[in-house]
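>>> got a predicted model here, sequence first, then my questions.
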Amino acid sequence: MTTTLAADDDLLLQPMPFLSSVMQIEPQWIDYNGHLNMAYYNVMFDRAIDELWLKLGIGPTYMKQRHGSTFTAECHVRYLREIHLGDPVQVSILLVAADEKWLHTFEELRHAGEGWLSATSENMTIHIDMAARKTAPFPPDIRTRIDALANAHRAVARPEGIGRKVAMPSK
């Protein structure tokens, strides 16, 4: 299977890893501790992954026209530094690995102006045939795009935190 993309395709011309648009924290997301509530970190990660999915051709149009979609099967979020109202954020997404049905991604949420790391999210995503509501291989054209991105991302240095598990801190 070839993993080249059409000459007019800009996916591989983007910075590596993939960078989302800059996002703003919404006032209702701030909790009584005065920082971004943990649930909304996932909203920010989800919005960013939707941007990448659009580039890969697996967004809402794909679901409507081709009856395929993706579901998150596993997610591990680490909260490293508080985000507050007014902080612009941007998410980088590394496609760590992919096969015929699975996508393994690692995302970093950073302050867009100052660059410091606020949170990470490591995810396993599965492709779904929405008509059958069962796992299914990606179609060949989509798989070609995924493989090309995975190959490009192999050259990116692996960030700290990939493969971590939840455990008590070591003493």
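Sure, I can see it.

>>> could you pull out the strands for the protein?
Ranges of strands in the chain, per DSSP state E, are 18-19, 23-24, 68-79, 88-98, 102-111, 117-129, 134-135.

>>> longest helix of the chain?
Longest helix in the chain, counting residues (DSSP state H): helix 38-56.

>>> any chance of the strands of the chain in JSON lines, plus mean pLDDT and distance to Ala157?
Backbone N, C-alpha and C define where each C-beta goes, glycine included. Below are the strands of the chain laid out as JSON lines (pLDDT from 0 to 100; distance: least, Cβ to Cβ, whole Å):
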{"stretch": "strand 18-19", "mean pLDDT": "94", "distance to Ala157": "15"}
{"stretch": "strand 23-24", "mean pLDDT": "96", "distance to Ala157": "24"}
{"stretch": "strand 68-79", "mean pLDDT": "97", "distance to Ala157": "18"}
{"stretch": "strand 88-98", "mean pLDDT": "97", "distance to Ala157": "9"}
{"stretch": "strand 102-111", "mean pLDDT": "98", "distance to Ala157": "12"}
{"stretch": "strand 117-129", "mean pLDDT": "98", "distance to Ala157": "14"}
{"stretch": "strand 134-135", "mean pLDDT": "98", "distance to Ala157": "31"}
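
>>> out of these, nearest to Ile162?
Nearest to Ile162, of all those, is strand 102-111, at 5.2 Å by Cβ to Cβ.

>>> can you pull the buried residues of that closest one?
Neighbour counts over strand 102-111 (16 or more other Cβ atoms under 10 Å) mark 103-111 as buried.

>>> swap in stretch 123-134?
123-128.

>>> list the contacts of that stretch.
45, 49, 58, 63, 67-76, 101-107, 135-138 (Cβ atoms under 8 Å, 6 or more residues apart in numbering).

>>> quick one, which of those residues are buried?
Here, 16+ other Cβ under 10 Å leaves 45, 49, 58, 68-70, 72, 76, 103-107, 136, 138 buried among the contacts of stretch 123-134.

>>> about what we covered before: what's the longest helix of the chain packed up against?
Secondary-structure packing of helix 38-56 (3 or more Cβ pairs under 8 Å, 6 or more residues apart in numbering; DSSP states H and E): strand 18-19, strand 23-24, strand 68-79, strand 88-98, strand 102-111, strand 117-129, helix 140-153.
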